[in-house]
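Enquirer: Provided below for reference: sequence and predicted model.
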Amino acid sequence: MTQWIEIGILTDIPLRGARTVQIEGQKEIAVFRTGDGEVFALVNECPHKKGPLSQGIVHGHSVACPLHNWNIALRTGEAQGEDKGCTPTIAVKLEGDRVLLALPERVEEAA
Amino acid sequence: MEFQDGIDASADYEDRLIVPSTDVSEHLVVVGNGMAGCRAVEELLARDAGRYRVTIFGAEPHVNYNRIMLSPVLAGEKTFDEIVINSREWYDENDIDLITADPVTAIDRAAKTVTSKSGRKVHYDRLLIATGSDPFIIPVPGKDLPGVISFRDMKDVDTMLAAAEAGKADGASEAAASAVVIGGGLLGLEAAHGLTLRGMKVTVIHLMPTLMERQLDEAAGYLLKTALEGRGQTILTGADTAEIYGQDKVEGVRLKDGREIPARLVVMAVGIRPSVALAREAGLEVGRGIKVDDHMVTSDPAVLAVGECVEHDGNVYGLVAPLWDMCRSLADGLTDRHTGYKGSVTSTKLKVAGLDVFSAGDFSGGEGCEDIVLRDAARGVYKRVVVKEDKVVGAVLYGDTADGGWYFDLLKKGEDVSEIRDLLIFGQAFAAGGAGLDPKAAVAALPADAEICGCNGVSKGQVVASIEGGACNLDAVRATCKASASCGSCTGLVETLLALTLGEEVQNGPKTLCKCTSFTHDDVRREIVAQGMKSIPEVMQQLHWSTPDGCSSCRPALNYYLLCALPGEYVDDQASRFVNERMHANIQKDGTYSVVPRMWGGLTNPKELRAIADVVEKFNAPMVKVTGGQRLDIFGIRKEDLPAVWADLNAAGMVSGHAYGKSLRTVKTCVGSEWCRFGTQDSTGLGVQIERMTWGSWMPHKFKIAVSGCPRNCAEATIKDFGVVCVDSGYELHVGGNGGIHVRATDLLCKVATEQEAMEVCAAFIQLYREEARYLERTAPWIERVGLDYVKGKLLESHGAPADAIATYAARFHFSQSFSQEDPWAERASGERADLHQHLEPIAIAAE
Ligand code: SRM
Ligand SMILES: Cc1cc2nc3c(=O)[nH]c(=O)nc-3n(C[C@H](O)[C@H](O)[C@H](O)COP(=O)(O)OP(=O)(O)OC[C@H]3O[C@@H](n4cnc5c(N)ncnc54)[C@H](O)[C@@H]3O)c2cc1C
Ligand code: SF4
Ligand code: FES
């Protein structure tokens, strides 16, 4: 059974931007809102050198890491183009306006 | 015919009579070593090199040079050597006998000989007359006085340069430094421009009410007049010359209304007449020019004629483009190919740096003509396209002539423009849609015979051939096929052809802004202004972006371009800012931020230092450091703490130092005259003032300034984007320095006497850079790309800029600053955009 946590409403996240969520015992999570109104969540760490992806420029369904400009696909967490690496994704869904995040497994285990 | 000037034609010269031997090659004699004569020979050699043995007579003492480039030579932009088309080696390599400084004075058609002034007599099998034109001299009293010249050949340029030089002599009167140009057409204005740049005070006398009335309509003529007056010329329109007065040399010009204009030099540029005297005396059929058929053959089948001296189908021409067509059909005819010349449509461009004027076809309006007009007063742009029965029949462009070639092509081909009529005036990129939207595709679609370089008559096919033959960059193309080697206005086209032909290999082709678009930075900037676009989505929509919302390269660029184009109006798009500019701090490798408050001109005080010390302790900042920019950097601040840090710094009167921005960074200073034993001026004070004026401005890239109090240059002003070096007599203003990856020392822009002037030039230079550089292009590469002379030509009156150029640019900068000098930290400290600094709070847990 997946635990969903509500983290706010869609407009709390800037359009083509991101907000971060801190959950105890977990790595920081970045929640993105794209130009076409979709929401994605990734661990807030670039597969390259752990750059905070939440601070990158969001374009299409990708984010450009603020440190060295790797492009990370929001849906899969995969680095694109020549770069290789992957950031864990976290399930996220919209219920009406409300943004719900699937509680990462390790939290479940810990619970 | 008698030999002239008492030159004896006795045996000595008879011996030189060249009679065709049993040699297979026929003898072609060319009269006129000018642009058309030599070009005809080149075309001939290209088709059948062995067919004719060639002798060329030239009245001038030079090898063949590019006559149209006399204007840049006069203006000091080129040297004579640079405008030579065919060097001595060319004549030698092709076994051409060149006889210079010896005009042909007679043709004996029965004997098939020509005789020259020095008495040479030469036999021909075929004769080619290419004598060009004679300048028209208006028959007023004084027209023969020394100091009255025309503008036709190198000798005239030499006379003008000598006059300008003499005018500079110490104690020379105003009249001695003055020149009058009679005629406000292309030639006259280019002469006036050159003379002005050479330091003469120039008055242009023009009979008609508007300048260049044969090429421009009234509106464009008016804009042109205003611009030239802004450059210090006196333009008298509707002015009729009564006489040129002077004792034994020119002293001035008197107009019919009695006005007198003193001058040491009078340049008559009122028109040209085909040079037909020789042909007429030889009994050839002559109308306005020497009459020729479609293969340039005159009424005598053994005699051909080409160039400005001919009349074809009732038309005479005064521009080079038609000559190239003529030369091709002439050479075809001489080598038994039968294409034939069909006449030419011409277009004109004025070769005056910084003034873009283009005209083609008929713009006089009239029955069934519709005008489409675009005016952009702020940019000084006027465009008018005349459409008749769905075809372009004329175009006048002033200020932005980029689309001249396109309109001209539509006009020549008589294409139906009804589909694109609404968008026609915005130019090719916009109107052509689809494939035409891609400037590269448009060039790719040009037929092989499309003309690329008008100055040298080079077609697309020839350019491509020379690239495929190994010319892999612009210089190589210029060297091999001469395209873009003259006025340079086709450089963009040649670069595109390089890119198309060589694919990825090309080094210096125009780069598109990013992968989302086929437009270059310059295209995009131009379109934003031309179409008055107001937002990033609008730009992406109008310019057919291939991605939904761009990428991390184009978004910041577009955001900047819009911000620069619409000061006070454009709403900054934070989502298109790189993290540092969004967070107003520098992100560090561990995701924390560093904070650099502004310290004006590197000065600080106990209150500021105390506030910084307090912040460091309060927020546990692990490090404080003196930066290379003469201020303090506080490291290791978390994004959540930034607003509180800023609030504390604000409270001590400090604002953002923009150490993170594509914007003004620091103004470094040295101690200067207030303390230093060598200081000549108050460099510290000036630095503070400059920083107060320039802080907060957004730029294409970061921008650094420094002010040094003497040439010892302790503030390192000569590796800054803008550097001031104080000297006893004032301030040397330097630009385009860079201390970064590629060290580049500055270029001296100019020297001024007062602080006030130094500040104005600084503001003006920044604005020019803001308006014209590409995003992420610092001043150093920008200046390397456009050239220091270009920058000078835009700003300095001495280099052809309008007298108020500095003031105008500076005013635009100040206007834009009036919206950007708000401390971004204060805004955030007050709680705005808290979302950027705070985490989302999980508010409920739902099970499923
Ligand atoms: C803090 C500072 C080093 C220091 O501790 O002294 C510094 C720090 C950085 N410099 Fe610098 N530069 C600093 C003075 C300079 C100087 C010296 C100067 O300004 O007189 C130069 C050479 C002068 C010049 O720019 O021409 C300099 C040339 C560069 C360059 C190369 C620029 C170039 O055009 O080649 C970069 C890279 C870039 O901008 O792309 C750079 C980039 C950086 C960045 C922003 C790297 C980055 O992207 O993260 C560093 C940010 C550190 C941070 O987080 O604060 N920094 N940097 C200096 C801040 C000055 C200030 O007060 O604002
Ligand atoms: C300052 C200036 C700027 C111009 N700018 C442009 C421009 O921007 N665009 C453009 O399209 N056109 C321009 N033109 C016009 C262009 O230069 C002419 O159309 C072109 O040079 C004509 O070529 P041609 O061979 O017919 O005549 P020319 O180039 O004049 O060649 C004729 C040659 O024949 C020589 N000659 C004459 N009689 C004799 C004789 N009896 N025996 C031997 N030699 C003789 C002359 O001395 C001359 O060297 C410009 C002209 C000038 C003067
Ligand atoms: S030189 Fe500049 S960019 Fe390089 S490590 Fe030092 S501060 Fe960073
Ligand atoms: S840390 Fe993200 S690109 Fe280097």
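Expert: Right, received. Where do you want to start? As the structure is a prediction and not an experimental result, all values here were calculated from the model. Residues are numbered from 1 along each chain as shown, chains lettered A, B, ... in the order given. Ligands and ions are numbered 1, 2, ... in the order given.
Enquirer: Close to chain B: what parts of chain A are there?
Expert: Contact residues, chain A versus chain B (C-beta under 8 Å from any C-beta of the partner chain): A:1-8, A:12-17, A:19-23, A:31, A:35-36, A:49-52, A:55-60, A:64, A:66-67, A:69, A:71, A:100-101, A:103. All C-beta spots, glycine's among them, are computed from the backbone N, C-alpha and C.
Enquirer: let's go with 6 Å and repeat that
Expert: A:2, A:4-8, A:16-17, A:19-22, A:35, A:52, A:55, A:57, A:59-60, A:64, A:66 (C-beta under 6 Å from any C-beta of the partner chain).
Enquirer: What spatial separation is found between residue B:529 and chain A?
Expert: 25 Å (C-beta to the nearest C-beta, to the nearest Å).
Enquirer: Then residue B:618?
Expert: 22 Å.
Enquirer: Which strand in chain A has the most residues?
Expert: The residue-count maximum for a strand in chain A (DSSP state E) belongs to strand A:3-9.
Enquirer: mind checking which helix or strand of the chain has the lowest mean pLDDT?
Expert: No chain in the question, so chain A it is. helix A:105-110 (a mean of 46; mean pLDDT, DSSP states H and E).
Enquirer: what's the nearest residue to the residue in chain A positioned nearest to ligand 1 if we skip its chain neighbours?
Expert: Taking C-beta to the nearest ligand atom, ligand 1 has its nearest neighbour within chain A at residue A:67, 8.4 Å off. Excluding the flanking residues, the one nearest residue A:67 by C-beta to C-beta, 6 or more residues apart in numbering or on different chains is residue A:51, at 3.4 Å.
Enquirer: The helix or strand harbouring residue A:20 to strand A:3-9, inter-axis angle?
Expert: Taking DSSP states H and E as the definition, residue A:20 sits inside strand A:17-21. Orientation of strand A:17-21 against strand A:3-9 (axes from the mean of the first three to the mean of the last three C-alpha atoms, to 10 degrees) gives an angle of 130 degrees.
Enquirer: Quick check: next helix or strand after strand A:17-21?
Expert: With DSSP H and E, the next secondary element past strand A:17-21 is strand A:29-33.
Enquirer: Look up how far residue B:331 lies from residue B:47.
Expert: 5 Å (C-beta to C-beta, to the nearest Å).
Enquirer: In terms of neighbours, single out the busier of these two.
Expert: Shown here are residue B:47 and residue B:331; by other C-beta atoms under 10 Å in any protein chain shown, residue B:331 has more neighbours (24 against 15).
Enquirer: got a pLDDT number for that one?
Expert: What the model reports for residue B:331 is a pLDDT of 91.
Enquirer: Same check on residue B:368?
Expert: Among the per-residue scores, residue B:368 shows a pLDDT of 76.
Enquirer: so what's it up against?
Expert: Listed by C-beta atoms under 6 Å, 6 or more residues apart in numbering or on different chains, the contact set of residue B:368 reads residue B:388.
Enquirer: at 8 Å what do you get?
Expert: B:388, B:389 (C-beta atoms under 8 Å, 6 or more residues apart in numbering or on different chains).
Enquirer: how far away is it from residue B:416?
Expert: For residue B:368, the distance to residue B:416 (C-beta to C-beta) stands at 15 Å.
Enquirer: got it, and residue B:586?
Expert: Distance, residue B:586 to residue B:416, using C-beta to C-beta: 57 Å.
Enquirer: okay, the two: which has more neighbours?
Expert: Neighbour totals were compared for residue B:586 and residue B:416, and residue B:586 leads with 18 against 13 (other C-beta under 10 Å).
Enquirer: Can you tell me the element the closest residue to residue B:386 other than its chain neighbours falls in?
Expert: Nearest residue to residue B:386 in three dimensions, chain neighbours excluded: residue B:394, at 3.8 Å (C-beta to C-beta, 6+ apart). Secondary structure from DSSP H and E places residue B:394 in strand B:391-398.
Enquirer: next SSE after that strand?
Expert: helix B:404-413.
Enquirer: Any idea how far that following helix is from the middle of the chain?
Expert: Distance of helix B:404-413 from its chain centroid, counting by C-alpha atoms, centre = their mean, to the nearest Å, is 21 Å.
Enquirer: Contact partners for the residue of the stretch 51-200 of chain B found nearest ligand 4?
Expert: Nearest residue of the stretch 51-200 of chain B to ligand 4: residue B:77, at 46.8 Å (C-beta to the nearest ligand atom). The neighbours of residue B:77, taking C-beta under 8 Å, 6+ apart as the test, are B:353, B:789.
Enquirer: Low-confidence regions, the stretch 251-400 of chain B specifically.
Expert: B:364-366, B:377-378 (pLDDT under 70).
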